[in-house]
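Novice: can you look at this prediction? I've put the sequence above it.
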Amino acid sequence: MATTEMNPEQAVRSRYGPAAAEKENALCCPVDYDPKFLAVIPDEILERDYGCGDPSRHLNPGETVLDLGSGGGKICYIASQVVGPEGRVVGVDMNDEMLALARAHRQSIGDALGYHNVELKKGKIQDLTLDYGRLEARLAASPVTTAAELDELEAWKAKERQENPMIATASIDVVVSNCVLNLVDPRAKSALFHEMHRVLEKGGRVVISDIVSDTCPSICGTIRSYGAVAFRARSGKTCS
Ligand SMILES: C[S@@+](CC[C@H](N)C(=O)[O-])C[C@H]1O[C@@H](n2cnc3c(N)ncnc32)[C@H](O)[C@@H]1O
């Protein structure tokens, strides 16, 4: 029997695409951010805040930060100010509309701060080796219409992963994520945690805020989950 069920990635795309264009109240949770970091961030980003905590509170000046599922870019632009001009922030999201919203203000926010330290990349957070921006440019230049071309594309992808990974191994001090990991297909969760570990420097940290209960009928206003998990890479230490 034919099925019309969407897979988790299709569901995320169709839910968060429109939510980038128009504020979606049902996706918003109340979160208190440090107001001093919000002044340079435009309202259209702040109002399309679909996070459930504030991992940026656990960052330090000079750090290199990776934001998984960066959405409209709010945490990236707050993190940008916490890490300062000596630090760097990379946001990854697979949703075109969310990336467009975040990228639309990158230049003006950097200009207002006096430095530019935020990059926004298209990709899947469970596979941080493949840059979908580069993949789409390759597809535009060399469309795939035959099996031979498909084989060539697969070979190109394998080479990219090896020689030009979207996020290099051991290149990140802190991985943050705000209300995203719960959206990843359970079958991809193990790859996701493997990727977080791969990209972290020795002694690097992970700071996640996420929904940790699915039993409450109304999440907004009733669940406020902050910094649910934090762990250190390769040091053997765990903290919460
Ligand atoms: C609930 S929103 C949170 C956005 C942002 N972190 C915030 O605090 O506003 C979830 C975001 O994660 C992205 N996302 C979900 N699953 C993803 C995946 N597997 N790979 C990349 N992005 C993903 C969605 O496109 C969406 O922008």
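Specialist: Noted; the coordinates are in hand.
Novice: all strands of this structure, in order?
Specialist: 64-68, 88-93, 118-122, 172-178, 200-209, 229-232, 238-239 (DSSP state E).
Novice: for these, which one sits closest to the ligand?
Specialist: strand 172-178 (3.6 Å; CB to the nearest ligand atom). All C-beta spots, glycine's among them, are computed from the backbone N, C-alpha and C.
Novice: got the angle between the closest one and strand 64-68?
Specialist: 30 degrees (axes from the mean of the first three to the mean of the last three CA atoms, to 10 degrees).
Novice: what strands line up against strand 172-178, and which way round?
Specialist: strand 64-68 (parallel), strand 200-209 (parallel) (DSSP bridges).
Novice: so how far is that strand off the chain centroid?
Specialist: 9 Å (CA atoms, centre = their mean, to the nearest Å).
Novice: buried stuff in it?
Specialist: 172-178 (16 or more other CB atoms under 10 Å).
Novice: how about a markdown table for these, with distance to the ligand and pLDDT added?
Specialist: A markdown table is the format used below for those (distance: CB to the nearest ligand atom, whole Å; pLDDT from 0 to 100):
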| residue | distance to the ligand | pLDDT |
| --- | --- | --- |
| I172 | 16 | 98 |
| D173 | 19 | 98 |
| V174 | 15 | 98 |
| V175 | 13 | 98 |
| V176 | 9 | 98 |
| S177 | 7 | 97 |
| N178 | 4 | 95 |
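Novice: okay, and for this structure, where does confidence drop off?
Specialist: 1-5, 28, 213-240 (pLDDT under 70).
Novice: tell me what R88 is bridged to.
Specialist: T64.
Novice: how many other residues sit next to it?
Specialist: 19 (other CB atoms under 10 Å).
Novice: what do you get for the one 3 residues further on?
Specialist: The number of residues packed near G91 is 30, by other CB under 10 Å.
Novice: please apply the same query to the one 4 residues further on.
Specialist: Counted with other CB under 10 Å, residues neighbouring N95 total 23.
Novice: doesn't P18 make contact with it?
Specialist: No. Between N95 and P18 there is no contact under CB atoms under 8 Å: 10.4 Å.
Novice: what's the most distant pair in the buried residues of strand 172-178?
Specialist: Pairwise distances across the buried residues of strand 172-178 (CB to CB) peak at 17.3 Å, for the pair D173 and N178.
Novice: thinking again about what came up before, so can I have a markdown table of the strands paired with strand 172-178 showing mean neighbour count?
Specialist: Listed next are these as a markdown table, based on neighbours: other CB atoms under 10 Å:
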| stretch | mean neighbour count |
| --- | --- |
| strand 64-68 | 27 |
| strand 200-209 | 20 |
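Novice: what sits closest to M196 if chain neighbours are left out?
Specialist: V175 (5.0 Å; CB to CB, 6 or more residues apart in numbering).
Novice: ugh, typo on my part, it should be R198
Specialist: T169 (5.4 Å).
Novice: same question, L38
Specialist: L38's closest residue in space is L46 (CB to CB, 6+ apart), at 6.3 Å.
Novice: which residues of the chain lie near the ligand?
Specialist: 12, 16, 49-51, 69-72, 74-75, 93-95, 98, 124-126, 178-180, 183-184 (CB under 6 Å from any ligand atom).
Novice: Q126 and A191 touch, don't they?
Specialist: Yes. Using CB under 8 Å, Q126 makes contact with A191 at a distance of 4.5 Å.
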